[in-house]
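**Student:** sharing a sequence plus its predicted fold:
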Amino acid sequence: MVEEGPSYVLKMVALGDGAVGKTSCIMRYTENSFGESYKATIGTNIAVKNVEIELHPGELSRAQIVLWDLAGQPTYKDLRSRYMVGAAIAFIVYDVTRPPTFLNVADWYDNFITVSPDAVVILVANKVDREDRLVPQEAGEMFSRWRKIDYIETSAKTGENVEMMFTKCVEIAIRNEEDRLG
Ligand SMILES: Nc1nc2c(ncn2[C@@H]2O[C@H](COP(=O)(O)OP(=O)(O)OP(=O)(O)O)[C@@H](O)[C@H]2O)c(=O)[nH]1
Ligand SMILES: [Mg+2]
């Protein structure tokens, strides 16, 4: 018998430079779809995903994940810090074929952690399906060890690790919430 556990509403924000694949990861996760053509996100889009997670054997927790997809283009900088407020989770994405998007990860991280210091953060190396990869795995692992955050390699195109990335963050965020509530 699986019993009904508590339910949670978690705000999750997508961070990272323009065209790294934030919207694509969200689309893969929420609709299991992918598009090759690039349409820059204008301002913010919000998507919702309901999940059920068996964190403790025999007890099903429900979570509604409210995904805030923020535009990565620099013009939206002011808007973004306001949108980061109250996030339980952030995923910071870079494009492994474009080193500058990796070099900006530290800025994304610092800006976010100032606004939401207790949130769960995961670093996402996206587009690992591409043959022209330039940012090695070691670079992402270095950042992850330095800032003590999780690191995962994904492809929104093939779907590799995308669901796992979201599930992992949600599980950690729920555990944190449980600890906080006692
Ligand atoms: N090969 C490959 N292409 C990808 C992948 N993820 C995204 N893309 C492509 O990269 C481009 C940008 O993807 P988006 O998801 O729109 O990027 P974004 O980070 O939301 O960009 P902004 O909304 O401008 O901040 C699109 O052309 C996608 O098809 C991936 O894993 N592999
Ligand atoms: Mg987008």
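**Tutor:** Structure's in. What do you need? Ligands and ions are numbered 1, 2, ... in the order given.

**Student:** touching ligand 1 at all, the top helix by length along the chain?
**Tutor:** Ranked by residue count and defined by DSSP state H, the top helix of the chain is helix 162-181. No - applying CB under 6 Å from any ligand atom, one finds helix 162-181 out of contact with ligand 1, separated by at least 8.5 Å. Quick note: C-beta positions are derived from backbone N, CA and C, even for glycine.

**Student:** can you give me the buried ones in that helix?
**Tutor:** 162, 165, 166, 168, 169, 170, 171, 172, 173, 174 (16 or more other CB atoms under 10 Å).

**Student:** and it, what does it pack onto?
**Tutor:** For helix 162-181, the packing partners by 3 or more CB pairs under 8 Å, 6 or more residues apart in numbering; DSSP states H and E come out as strand 3-15, helix 22-31, strand 44-56, strand 59-70, strand 89-95, strand 120-126, strand 150-153.

**Student:** let's see it at 7 Å
**Tutor:** strand 3-15, helix 22-31, strand 44-56, strand 59-70, strand 89-95, strand 120-126 (3 or more CB pairs under 7 Å, 6 or more residues apart in numbering; DSSP states H and E).
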